[in-house]
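Visitor: One predicted model, sequence on top.
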Amino acid sequence: MKGIRTVTAGLIFLLAIMSMSIFAQNKPIQISVNSIRTDLNQAALKLGIQYIQSLDTLWNKDHFRDWDKSLLTFTPEFNVETGNNDAFSSISGKVSGFFMFFDTTRIAGQITPRTDRIFHTLPASAGFETSNAFHTVNGIIELGYVPWYQMPTFKVPKFLKHTTFGLFLQGGYKFATDTTGIAIGTGGNTDESAEKVSQPILRAKARFSIDTKKLFVDKNKSQGFAIIGTSDTWYDLLNDKIYYRIEGIFRVFLTADHFFDFTYERGSGAPNFNQGDQFGAGLTFSF
């Protein structure tokens, strides 16, 4: 038990250190504070912290290994969703490597990626999933495929360039850190996963998301509205069960980096896979 907690604490510390080094490089992080109505119809406070890089940001990184038709880069990703009462609870961290390959052409004798063709991205990640109670910790390895078709010169309908899609295979193990409290939980904070403690994990996952960016912007392009949606579906291969999570956000841009969000969530996602719902409103800050 002590060894598992030591390994988990070490992994979290490593991810935190890596994240701090990236903050110094002007990488994106979002912090949100929301007043929500939980699955048990209780008022609660929700805190969200997220660090994630988009594929176009990764393309501009200096520290990657590149070849004529491909490149390799690494980045940490960290996501926290927690709150009081029976608010959804999900904490995850991972280190991801992205292998991207693409067609090329020669311009003035230089090999250049063809931005009128799809870039194919193969992400590989290793990390953990848990809730704010830390009763269990899932060690997860993930492999996936994400096509990148958002280049301005790639000819697809304009609305598709506001979307992303990915397919993933996740495998790992569910560790118990506190067997006395695993079954504790109410409403949206209940663990409804069929994955068993001290047993392997094997899932298939599909993700589709849309982000309209700014709609109806003002003349200074700092204020406006946006619609953001994410749909995740998991198939538990070992327990023959399907989980899902849907999130919709109507975003009001107060400034370029400060937003007021109206949110709706159906399903908590990993690791609890709670299928309740919650909605609310609050502020989000982007750094």
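Guide: Arrived safely, thanks for sending.

Visitor: So what does the residue lying closest to I246 once chain neighbours are set aside look like in phi/psi?
Guide: Nearest in space to I246, with sequence neighbours left out and distances taken as C-beta to C-beta, 6 or more residues apart in numbering, is R266 at 4.4 Å. Just so you know, the C-beta spots here come from the backbone N, C-alpha and C atoms, and that holds for glycine as well. Comment: the main-chain dihedrals of R266 come out as phi -120, psi 110, following degrees, to the nearest 10.

Visitor: Who does R266 form a beta bridge with?
Guide: The partner list for R266 in beta bridges (DSSP bridges) reads I246, D277.

Visitor: i'd like the first residue to be 57 from this point on
Guide: Right, with 57 as the first residue, what we last looked at is R322.

Visitor: wait, it sits on D333?
Guide: Yes. With contact taken as C-beta atoms under 8 Å, R322 and D333 are classed as touching, separated by 4.6 Å.

Visitor: what about Q255, how many residues close to it?
Guide: A total of 10 residues lie near Q255 under the criterion other C-beta atoms under 10 Å.

Visitor: what about it, distance to A164?
Guide: Using C-beta to C-beta, to the nearest Å, one gets 58 Å for the distance from Q255 to A164.

Visitor: again with F155
Guide: 27 Å.

Visitor: Neighbour count: these two, which is higher?
Guide: Each of F155 and A164 has its neighbours counted (other C-beta under 10 Å); F155 has more, 14 against 5.

Visitor: Which element, helix or strand, includes that one?
Guide: When secondary structure is defined using DSSP states H and E, the element that contains F155 is strand 146-157.

Visitor: What residues sit buried inside that strand?
Guide: By 16 or more other C-beta atoms under 10 Å, the buried positions in strand 146-157 come out as 146-152, 154, 156-157.

Visitor: try stretch 290-300
Guide: For stretch 290-300, the buried set under the neighbour-count rule, 16+ other C-beta under 10 Å, comprises 290, 292, 299.

Visitor: Put the alpha carbons of it into PDB.
Guide: What follows is the C-alpha trace of stretch 290-300 in PDB, where atoms were taken according to Å, rounded to 0.1, in the frame of the first residue of the first chain:
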ATOM      1  CA  TRP A 290     -15.500   4.400 -24.000                       C
ATOM      2  CA  TYR A 291     -16.100   0.700 -24.600                       C
ATOM      3  CA  ASP A 292     -14.900  -1.400 -21.600                       C
ATOM      4  CA  LEU A 293     -13.600  -4.500 -23.500                       C
ATOM      5  CA  LEU A 294     -13.100  -6.600 -20.300                       C
ATOM      6  CA  ASN A 295     -16.600  -5.900 -18.900                       C
ATOM      7  CA  ASP A 296     -18.600  -5.300 -22.100                       C
ATOM      8  CA  LYS A 297     -19.900  -1.900 -20.900                       C
ATOM      9  CA  ILE A 298     -20.200   1.500 -22.600                       C
ATOM     10  CA  TYR A 299     -19.500   4.800 -20.900                       C
ATOM     11  CA  TYR A 300     -20.000   8.300 -22.200                       C
END
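
Visitor: Name the surrounding residues that touch the strand or helix carrying G285.
Guide: With the criterion set as DSSP H and E, the secondary-structure element containing G285 is strand 280-292. Applying C-beta atoms under 8 Å, 6 or more residues apart in numbering, the contact partners of strand 280-292 are 226, 249-251, 258-274, 297-309, 323, 325-326, 329.

Visitor: so who does T192 touch?
Guide: The neighbours of T192, taking C-beta under 8 Å, 6+ apart as the test, are 186, 230-233, 238, 247, 253, 327.

Visitor: now with 10 Å?
Guide: T192 sits next to 185-186, 230-235, 237-238, 247, 249, 251, 253-254, 327-328 when contact means C-beta atoms under 10 Å, 6 or more residues apart in numbering.

Visitor: quick one on the thing from earlier: distance from the strand holding G285 to the middle of the chain?
Guide: On the basis of C-alpha atoms, centre = their mean, to the nearest Å, strand 280-292 is displaced by 10 Å from the centre of the chain it belongs to.

Visitor: Ok, stretch 128-137 next?
Guide: 8 Å.

Visitor: Could you list the buried residues of it?
Guide: Along stretch 128-137, these residues count as buried under the neighbour rule (16+ other C-beta under 10 Å): 129, 131-137.

Visitor: how far is stretch 139-147 from where the chain is centred?
Guide: Mean C-alpha position of stretch 139-147 versus that of the full chain (C-alpha atoms, centre = their mean) differs by 17 Å.

Visitor: All good on my end, thank you.
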